[in-house]
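> Dropping the sequence and predicted coords here.
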Amino acid sequence: MHAIAGVLGGDDEGEAAGSLLVDGQQPESARGRVGLLLQDPDSQVVLARVGDDVAFGLENLRVPRHEIWPRVTEALDAVGLDLPLDHPTSALSGGQKQRLALAGVLAMRPGLLLLDEPTANLDPGGVLEVRDAVARVLERTDATLVVIEHRVETWWNLVDRVIVLAPGGGVLADGSPDDVLATSGAVLAASGIWVPGHLPAVPARRSTTGVELVHTDGLSVARNRRAVVYSGIDLAVHAGQCVAVTGPNGVGKSTLGLTIAGLLKPAAGAVRAPWLADGLDPQPHSWRSRELVTRIGTVFQDPEHQFVAATVRAELAVGARAIGLDDAETDRRVDELLERLRLAPLADANPFTLSGGEKRRLSVATVLVTRPPLLVLDEPTFGQDSRTWAELVALLSGLLDAGSGVVAVTHDTAFVDALADERYGMVRMPHPESAR
């Protein structure tokens, strides 16, 4: 995708063979014709305000000023990002950033639209909204679409051709969606593709619960001292229990997760974990980092926010050494997680060079290595093929059966069906800012 968009790099950054032309010319000379949505929407946010960010590409293309703002508004409406133009981009959730990045691409009206997992962080309604927005663009402009996706069902009726790439190079299947499904559906499902009608098997849960690990009383949550985003939260998590936190993008799910994890102070009400505290103040936000790491493990929405080492193996060893494990036990736990989560071939790679799905598995593994009694996971399964998804679910299922508690912020309905004992659904609160 980067090569087609002309942003892969020059000869000094690697070797290339064969030819690649866009409109009959080198991709680097056709960038105005190509719109690329990156896998990580954070890397595509440029400016401080929503409207300015969408307008940035148009300004670079020298679109006349009187055309820019109608196209900005049209693009934001198309992706369902209903926020004022001066809303700060730093206050957006991961799913909202994904919509913003797509709006910036659509506003430029490219002839070739390249989308890299465009719905990975979106709520179910947002997935359909974005797909329909892309469909309208294709119908109106006759643009060409190339989309990378593990969960292909969303796009199945919108694409004319499916190409399945093989690990290590080559092509597993290439043809119309119906032909590929008819001739290779079972094989593709076994290789990790989310094929319609072929869902991965999941382990059975014992569903037994133990001591209460954490509870909230009349909790209100806010991020970075901004206005409260959600109030009146009362929930409890017990040992052996998985509570799924669901709801639309931007409603405050990640903020709730960080507050339960002790990384944000409650705006009002309380989070208490007396059993985990073991003699400390029962409020997790009062604990020091060394006290938190053995009690609550947190996986952030953005995996890169928790990487601190130069290799995957060293990254996994950080937590183990922080809790005082010796070298032999550290190596044993690290090797086990590398194998279980299919990261062993990447043990010596820099964490920041991994794919989005690999980064997510590594971020989950960095928490699992310390084996805390409570896990707070933000979108733990995004970017996974069906095999790595099943491995993650099996690993978490085993931890739940062994007595860990899990709070999972997720849009993944298959994950909720497989693991959740309870679901805490958050709804959108009236927005305090004026409409656009």
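Looks like it came in fine. Numbers count the residues shown, from 1 in each chain.
> and the biggest strand by length in the chain, which residues are buried?
Secondary structure of the chain per DSSP state E: the longest strand is strand 212-221. Buried residues in strand 212-221, counted by 16 or more other CB atoms under 10 Å: 212-216, 219-221. Backbone N, C-alpha and C define where each C-beta goes, glycine included.
> and the next helix or strand after it, which strands flank it?
Note on strand 212-221: by DSSP states H and E, the next helix or strand toward the C-terminus is strand 230-233. Strand pairing for strand 230-233, using DSSP bridges, gives strand 212-221 (antiparallel).
> so what's the residue lying closest to residue 284 once chain neighbours are set aside up against?
Closest residue to residue 284 apart from its sequence neighbours, by CB to CB, 6 or more residues apart in numbering: residue 262 at 2.9 Å. Residues in contact with residue 262 (CB atoms under 8 Å, 6 or more residues apart in numbering) are 271, 283-287, 292, 296.
> same thing but at 10 Å, please
For residue 262, the contacting residues are 214, 271, 273, 276, 283-289, 291-292, 295-296, 298, 374, 376, by CB atoms under 10 Å, 6 or more residues apart in numbering.
> that older thread, pLDDT and distance to residue 75 added to the buried residues of strand 212-221, as JSON lines?
Listed next are the buried residues of strand 212-221 as JSON lines, based on pLDDT from 0 to 100; distance: CB to CB, whole Å:
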{"residue": "212", "pLDDT": "97", "distance to residue 75": "47"}
{"residue": "213", "pLDDT": "97", "distance to residue 75": "44"}
{"residue": "214", "pLDDT": "97", "distance to residue 75": "41"}
{"residue": "215", "pLDDT": "97", "distance to residue 75": "43"}
{"residue": "216", "pLDDT": "97", "distance to residue 75": "38"}
{"residue": "219", "pLDDT": "96", "distance to residue 75": "36"}
{"residue": "220", "pLDDT": "95", "distance to residue 75": "33"}
{"residue": "221", "pLDDT": "95", "distance to residue 75": "30"}
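> Closest one of those residues to residue 424?
residue 216 (9.8 Å; CB to CB).
> That closest one and residue 38: what is the separation?
Going from residue 216 to residue 38 by CB to CB, to the nearest Å gives 35 Å.
> got the buried residues for stretch 395-413?
So, applying 16+ other CB under 10 Å, buried residues of stretch 395-413: 395-397, 399-400, 403-412.
> In these, find the pair that's most separated.
Across the buried residues of stretch 395-413 (CB to CB), the longest gap, 27.0 Å, separates 403 and 411.
> Next, the buried residues of stretch 190-207.
191-195, 200, 202, 205.
> Let me know the closest of the residues you listed to residue 66.
For the buried residues of stretch 190-207, the residue nearest residue 66 by CB to CB is residue 194; the value is 44.1 Å.
> Got the domain ranges for the protein?
Domain segmentation of the chain under automatic domain parsing yields 2-156, 212-425.
> Number of residues surrounding the nearest residue to residue 119 once chain neighbours are set aside?
Taking CB to CB, 6+ apart, and ignoring the residues beside it in sequence, residue 119 has residue 127 as its nearest neighbour in space, at 4.4 Å. By the measure other CB atoms under 10 Å, the count of residues near residue 127 is 18.
> isn't residue 127 right up against residue 134?
No: counting by CB atoms under 10 Å, residue 127 does not reach residue 134; the two are 11.1 Å apart.
> what residues do those two have in common as contacts?
By CB under 10 Å, 6+ apart, the residues touching both residue 127 and residue 134 are 118-119.
> so residue 405 bridges to which residues?
Beta-bridge pairing of residue 405 under DSSP bridges involves residue 374.
> Using PDB, list the CA coordinates for the helix ranked longest in the chain.
Of all the elements of type helix in the chain, the one with the most residues (DSSP state H) is helix 124-141. Presented in PDB, the C-alpha positions along helix 124-141 are these (Å, rounded to 0.1, in the frame of the first residue of the first chain):
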ATOM      1  CA  PRO A 124     -20.300  -1.600  15.000                       C
ATOM      2  CA  GLY A 125     -22.500   1.300  13.800                       C
ATOM      3  CA  GLY A 126     -19.400   3.200  12.800                       C
ATOM      4  CA  VAL A 127     -18.200   0.300  10.700                       C
ATOM      5  CA  LEU A 128     -21.300   0.400   8.600                       C
ATOM      6  CA  GLU A 129     -21.300   4.200   8.500                       C
ATOM      7  CA  VAL A 130     -17.700   4.300   7.200                       C
ATOM      8  CA  ARG A 131     -18.300   1.400   4.700                       C
ATOM      9  CA  ASP A 132     -21.400   3.200   3.300                       C
ATOM     10  CA  ALA A 133     -19.500   6.500   3.100                       C
ATOM     11  CA  VAL A 134     -16.800   4.800   1.000                       C
ATOM     12  CA  ALA A 135     -19.500   3.200  -1.100                       C
ATOM     13  CA  ARG A 136     -21.000   6.600  -1.800                       C
ATOM     14  CA  VAL A 137     -17.700   8.100  -2.700                       C
ATOM     15  CA  LEU A 138     -17.000   5.200  -5.200                       C
ATOM     16  CA  GLU A 139     -20.400   5.600  -6.800                       C
ATOM     17  CA  ARG A 140     -20.100   9.400  -7.100                       C
ATOM     18  CA  THR A 141     -16.500   9.600  -8.300                       C
END
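> now it: mean pLDDT?
For helix 124-141, mean pLDDT rounds to 85.
> cool, stretch 242-249 as well?
For stretch 242-249, the per-residue pLDDT averages 94.
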